[in-house]
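Engineer: What follows is a protein structure lacking sequence information:
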């Protein structure tokens, strides 16, 4: 049975454990407190009852006989009128006091004495009525004096003696009550010592058990987290007891498992990203592009266009310098625009009959970051899939605009555009993020690198109308260069 109780206790929540531990201490304390207060209240009530009775009886015994005897004497000798003196009122007041004493008196013998006093008062009332009648019928002074001296004074003496006996036994009862209180206090003190020992024992047990049930699994969780910090993702908590700690352990196990999966996913994505960047870089170093550019330079040199040759060689140099970018993946907008401009300058020489361009990006965006080789693939896509497929001169415009929480780089062309079906297919291929090779790989590659670097909120958006042109927007966060590591020399 204790083992089952311990198992149930260990499986309780931390709040429940604390609550039950408090109850185990507080409930006995409350019971003990009630016993103390109950005992004190009971003795106080008895003491108050006895002292009130003694006080009332003492007042009765001191004043009643002297006052009543003297008042009757004055009535007999004619110094006071019977109605004005009203001795019956004194008797009724005495009877009221006796009734009150009967209510508060617990001693049976004293209750008997009070009953005798009531009878004495009744007799006293009769004698007083006889004196009144004698005075009314013509005097009878001697008879009244005799009645006062023998009967009335005798009855008041009996009342006084009985009251004195009442007081004696009430005082004795107070002494008995005091002895009972002393004995009860001694018993309560003994019980208090035993109870204090019990509370200390229970508190000691709870202070040892409860923290252990909390700290032991937490220490185990600490060891698990230490193992995880060392790179061991195979470890698990396996906590069996304690609602909160078990939930924490289960959450930690889930986190470790997801962390392991995430690390594998990141490794895979990093591999794919590096492959994508390598492919993109290879696209930039396309032999055909290089050969055609060099052929153009040769053609310009043979034609004596030395100035154009110098300009084109400089553009080619800037183009490849930005492509390599000293190994950095993220560069400034300013440097990326140099790369895009170099590409456009080269291509404009080759396609001067069909291509014009404009770059109008605000200077405020110069030092914000962008993955390298982001704008150029979009320009290349606009040239080869938009401008070249349309008759006449086409234009590519690179612009920028600042929003509240992000900024936009826009590549617009007035080329052939796309039908709704083709546009939907292109968007679908980009959003799937799983394609290997396709005619939209450049767009997919740019979008994938932005999403991996900045999150799902960012990337590219495409809008196009057939025979009107295409707009590709690049959405990026306001992330600025904090050191010179991303600045090209």
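Structural biologist: Perfect, thanks for sending it. Worth saying up front: this structure is predicted, and the values here are computed from it rather than measured. Residues are numbered from 1 along each chain as shown.

Engineer: Run through the neighbouring helices and strands of the host helix or strand of residue 171.
Structural biologist: Taking DSSP states H and E as the criterion, residue 171 maps to helix 153-229. Other helices and strands packing on helix 153-229, by 3 or more C-beta pairs under 8 Å, 6 or more residues apart in numbering; DSSP states H and E, are helix 2-10, helix 14-77, helix 108-136, helix 243-284. C-beta coordinates here come from the backbone N, C-alpha and C atoms, glycine included.

Engineer: what about the third one, average pLDDT?
Structural biologist: Averaging the model's pLDDT scores along helix 108-136 yields 86.

Engineer: again with stretch 33-45
Structural biologist: 70.

Engineer: now swap in stretch 81-99 and tell me
Structural biologist: Here stretch 81-99 scores 84 as its mean pLDDT.

Engineer: Quick one: distance of that stretch to the chain centre.
Structural biologist: Mean-position distance between stretch 81-99 and its chain equals 74 Å (C-alpha atoms, centre = their mean, to the nearest Å).

Engineer: try stretch 79-93
Structural biologist: With C-alpha atoms, centre = their mean, you get 79 Å for stretch 79-93.

Engineer: Could I get the contacting residues of residue 64?
Structural biologist: Residue 64 makes contact with 90, 94, 156, 159, 160 under the criterion C-beta atoms under 8 Å, 6 or more residues apart in numbering.

Engineer: Equivalent analysis for residue 385, please.
Structural biologist: Residues near residue 385 by C-beta under 8 Å, 6+ apart: 415, 416.

Engineer: and it, helix, strand or coil?
Structural biologist: Classification of residue 385 using DSSP: H, G, I helix; E, B strand; the rest coil returns helix.

Engineer: in stretch 365-385, what counts as buried?
Structural biologist: By neighbour count on 16 or more other C-beta atoms under 10 Å, the buried set for stretch 365-385 is 365-366, 368-383, 385.

Engineer: Actually, stretch 405-417.
Structural biologist: 407, 409, 410, 411, 412, 413, 414, 415, 416, 417.

Engineer: so which two of those residues are the farthest from each other?
Structural biologist: Farthest-apart pair in these is 407 and 416; separation 28.6 Å (C-beta to C-beta).

Engineer: Quick one: residues contacting the nearest residue to residue 157 once chain neighbours are set aside.
Structural biologist: Leaving aside its chain neighbours, residue 157 sits nearest to residue 65 (6.9 Å; criterion: C-beta to C-beta, 6 or more residues apart in numbering). Neighbour list for residue 65: 156, 157, 159, 160 [criterion: C-beta under 8 Å, 6+ apart].

Engineer: In ChimeraX, how would I select just the buried ones from those residues?
Structural biologist: The following ChimeraX line selects those of these that are buried, judged by 16+ other C-beta under 10 Å:
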select :156,159,160
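
Engineer: Need the max-distance pair from the contacts of residue 65.
Structural biologist: Greatest spatial distance among these (C-beta to C-beta): 157 and 159, at 7.3 Å.

Engineer: Let me see the confidence value for the nearest residue to residue 419 once chain neighbours are set aside.
Structural biologist: Nearest residue to residue 419, sequence neighbours excluded (C-beta to C-beta, 6+ apart): residue 466, at 4.9 Å. As predicted, residue 466 sits at a pLDDT of 91.

Engineer: residues in contact with residue 466?
Structural biologist: Listed by C-beta under 8 Å, 6+ apart, the contact partners of residue 466 are 416, 417, 418, 419, 420.

Engineer: Torsion angles phi and psi at the second one?
Structural biologist: Read that as residue 417. Phi and psi for residue 417, reported as degrees, to the nearest 10, are phi 70, psi -170.

Engineer: check contacts around it.
Structural biologist: 386, 464, 465, 466, 467, 468, 469, 470.

Engineer: got it, and the third one?
Structural biologist: For residue 418, the set of contacting residues under the criterion of C-beta under 8 Å, 6+ apart consists of 426, 464, 465, 466, 470.

Engineer: Looking at the residues you listed, state which has the most neighbours.
Structural biologist: residue 470 (24 neighbours; other C-beta atoms under 10 Å).

Engineer: pretty sure that residue contacts residue 462?
Structural biologist: Yes. Counting by C-beta atoms under 8 Å, residue 462 is a contact partner of residue 470 at 6.9 Å.

Engineer: Can you give me the domain boundaries for the chain?
Structural biologist: The chain breaks down into these domains under automatic domain parsing: 2-216, 285-486.
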